[in-house]
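pasting the sequence and the predicted model now:
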2 protein chains.
Amino acid sequence: MAEPAPLHIAFLLYPDVTQLDLTGPAQILSRLGNVRLVLVAKTRDPVPTDAQFPLLPGATFADVPRTDILCVPGGFGTVAAMEDAETLAWVRQVAEGAQWVTSVCTGSLLLAAAGLLRGYRATSHWASRDQLAWFGAEPVAERVVFDRNRVTGGGVTAGIDFALALTARIRGEAHARFVQLSLEYDPAPPFDSGSPERADPATLARYRDMVSRFAPDRAEKVRAIAARSA
Amino acid sequence: MAEPAPLHIAFLLYPDVTQLDLTGPAQILSRLGNVRLVLVAKTRDPVPTDAQFPLLPGATFADVPRTDILCVPGGFGTVAAMEDAETLAWVRQVAEGAQWVTSVCTGSLLLAAAGLLRGYRATSHWASRDQLAWFGAEPVAERVVFDRNRVTGGGVTAGIDFALALTARIRGEAHARFVQLSLEYDPAPPFDSGSPERADPATLARYRDMVSRFAPDRAEKVRAIAARSA
């Protein structure tokens, strides 16, 4: 019996991405079996991430006119990527024929800016989630949100839960359990500070202070992009 | 007041590394504040990983004669790296002056092969953990194990818990809680199959079958390396 056609997975890569938004789900989805996974960027040059090392694209936008699964990661570079017409055009193009249009963290804002979440339930990093409404999406306070073929994950590490849930949809729960065991995904966070509901007020204040120093006009920029795209 | 000297973090990079062993902790440790993080390999060429995309070294062994924190990831490529004298020599050299000598997943076998875990309590990927005893280490069935300045994490995703625990040791618990919130690390695995104790027998059998097909002589090779290094 002939092997079925491989499933093509494309991750969007852009400057100052939060690399774990991409590398977490890529680790899991690379174990779907019979997949071709590629990081796609404007050029083949190394792309700086937020973690002091670059990622290397395997293809350019022009090389990848279609894919089965699109995954858009987030990060502090997301706003600049949302302002880039070429990036949005590629995301729209490959999303059109994709079986699954997905994101992790603030990658959902980029999907939204491309017009791909209007009328969809979706999530994002907790600190940005409400901004999805500016683009006509319905923000949902869950770690992984499926709505038709749109699948969005929460902040950064939610990409691991997202990818396991998607694995189960595509290859069945038994395969997802196998991948989970192979990656020893039996999390044991040393602290309970992973959501704004659980973090103490000092930790929350410290996070908001960091954002206001590091990206003071982020929300205004996102709102302006939403206004232009409406 | 002068800024204190930055903390230097070096991740060993070698072919067929499990990239999430490296990229998970790198995401967290890059948020320690005042750090210089670098991926180090034999040459500057892109290094293939197990997830269908390469990682790009920022430095060669010769470029990095010392570091404050050494982290060695694991993967199916670990055994070949353990057989490489140049790799072991670099690991021994930088470990000598390091404040923290660490690993994720089967990276601990490489530390052990370099003679760095003799007499130390340590962990590894659940399927390889017992092999640490061949090198004179004491295998411990915990997700993160501290013993003096050696810190070892369990399989793949344990690297996230490891890095948060190390963050707390270095910068204090409040900083670790802040990093946890920033990465929304509030894990919610869709299944409970992340350890051999929790996985069902069919999932366990499938894992063992995959290893016996993909790396049939792995255990024998590790045992032979241990015998030579004793």
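Right, received. Where do you want to start?

what's the following helix or strand after whichever strand or helix holds A:Leu111?
A:Leu111 is located in helix A:107-113, with elements delineated by DSSP states H and E. Beyond helix A:107-113 on the C-terminal side, the first helix or strand identified by DSSP H and E is strand A:121-122.

now do that next one: everything it contacts.
For strand A:121-122, contacts defined as Cβ atoms under 8 Å, 6 or more residues apart in numbering or on different chains pick out A:103, A:108, A:111-112, A:132, A:137-140, A:145, A:147, A:150, A:152. In short, each C-beta sits where N, CA and C put it, glycine included.

a markdown table for these, including distance to chain B and neighbour count?
A markdown table is the format used below for these (distance: Cβ to the nearest Cβ, whole Å; neighbours: other Cβ atoms under 10 Å in any protein chain shown):
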| residue | distance to chain B | neighbour count |
| --- | --- | --- |
| A:Ser103 | 14 | 32 |
| A:Ser108 | 13 | 34 |
| A:Leu111 | 18 | 31 |
| A:Ala112 | 18 | 29 |
| A:Leu132 | 15 | 26 |
| A:Ala137 | 18 | 27 |
| A:Glu138 | 19 | 15 |
| A:Pro139 | 15 | 20 |
| A:Val140 | 14 | 18 |
| A:Val145 | 12 | 23 |
| A:Asp147 | 17 | 15 |
| A:Arg150 | 18 | 21 |
| A:Thr152 | 13 | 33 |
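
of those, which belong to helices?
Residues of these located in helices (DSSP state H): A:Ser108, A:Leu111, A:Ala112.

give me every residue that touches the last one.
With contacts defined as Cβ under 8 Å, 6+ apart, A:Ala112 is in contact with A:Arg118, A:Ala122, A:Leu132, A:Trp134, A:Phe135, A:Gly136, A:Ala137, A:Ala226.

against chain B, how distant is the second one?
Okay, so that is A:Ala122. 15 Å (Cβ to the nearest Cβ, to the nearest Å).

A:Glu220 sits in which helix or strand?
With DSSP H and E as the test, A:Glu220 turns up in helix A:218-229.

show me what counts as buried in that helix.
Judged by neighbour count (16 or more other Cβ atoms under 10 Å in any protein chain shown), helix A:218-229 contains these buried residues: A:Arg218, A:Ala219, A:Val222, A:Ile225, A:Ala226, A:Ser229.

of the contacts of A:Ala112, which is the nearest to B:Ser182?
A:Leu132 (19.4 Å; Cβ to Cβ).

these two touch, right, that closest one and A:Leu111?
No. Assessed by Cβ atoms under 8 Å, A:Leu132 is found out of contact with A:Leu111, at 9.3 Å.

spit out the residues that contact these two alike.
Joint contacts of A:Leu132 and A:Leu111 (Cβ under 8 Å, 6+ apart) are A:Leu117, A:Ala122.

quick one: the helices in chain A?
Per DSSP H, chain A carries helices over the ranges A:19-29, A:78-82, A:85-97, A:107-113, A:158-171, A:173-182, A:201-214, A:218-229.

so can I have JSON lines of the ones you listed showing mean pLDDT?
Conversion of those to JSON lines gives the following (pLDDT from 0 to 100):
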{"stretch": "helix A:19-29", "mean pLDDT": "98"}
{"stretch": "helix A:78-82", "mean pLDDT": "97"}
{"stretch": "helix A:85-97", "mean pLDDT": "98"}
{"stretch": "helix A:107-113", "mean pLDDT": "98"}
{"stretch": "helix A:158-171", "mean pLDDT": "98"}
{"stretch": "helix A:173-182", "mean pLDDT": "98"}
{"stretch": "helix A:201-214", "mean pLDDT": "94"}
{"stretch": "helix A:218-229", "mean pLDDT": "94"}
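
tabulate the ones you listed (a markdown table), appending distance to B:Ala26.
As requested, the helices of chain A are arranged in a markdown table below (distance: least, Cβ to Cβ, whole Å):
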| stretch | distance to B:Ala26 |
| --- | --- |
| helix A:19-29 | 8 |
| helix A:78-82 | 20 |
| helix A:85-97 | 25 |
| helix A:107-113 | 19 |
| helix A:158-171 | 15 |
| helix A:173-182 | 21 |
| helix A:201-214 | 19 |
| helix A:218-229 | 24 |
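
just so I know, which of these lies nearest B:Thr18?
B:Thr18 sits nearest to helix A:19-29 of all those, at 7.2 Å, using Cβ to Cβ.

dump the closest one to PDB, keeping only the CA atoms.
In PDB, the C-alpha atoms belonging to helix A:19-29 read as follows (Å, rounded to 0.1, in the frame of the first residue of the first chain):
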ATOM      1  CA  GLN A  19      11.200  31.100  20.100                       C
ATOM      2  CA  LEU A  20       9.500  28.700  22.400                       C
ATOM      3  CA  ASP A  21       6.100  29.600  20.900                       C
ATOM      4  CA  LEU A  22       7.500  27.900  17.800                       C
ATOM      5  CA  THR A  23      10.000  25.300  19.100                       C
ATOM      6  CA  GLY A  24       7.500  23.800  21.600                       C
ATOM      7  CA  PRO A  25       4.800  22.900  19.100                       C
ATOM      8  CA  ALA A  26       7.400  22.100  16.400                       C
ATOM      9  CA  GLN A  27       8.800  19.400  18.700                       C
ATOM     10  CA  ILE A  28       5.400  17.800  19.100                       C
ATOM     11  CA  LEU A  29       4.100  18.200  15.600                       C
END
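
packing partners of that helix?
Packing partners of helix A:19-29 (3 or more Cβ pairs under 8 Å, 6 or more residues apart in numbering or on different chains; DSSP states H and E): strand A:7-12, strand A:35-41, strand A:54-55, strand A:69-72, strand A:100-104, helix A:158-171, helix B:19-29.

closest one to A:Ile28 among the ones you listed?
Nearest of those to A:Ile28, taken as Cβ to Cβ: helix A:158-171 at 3.7 Å.
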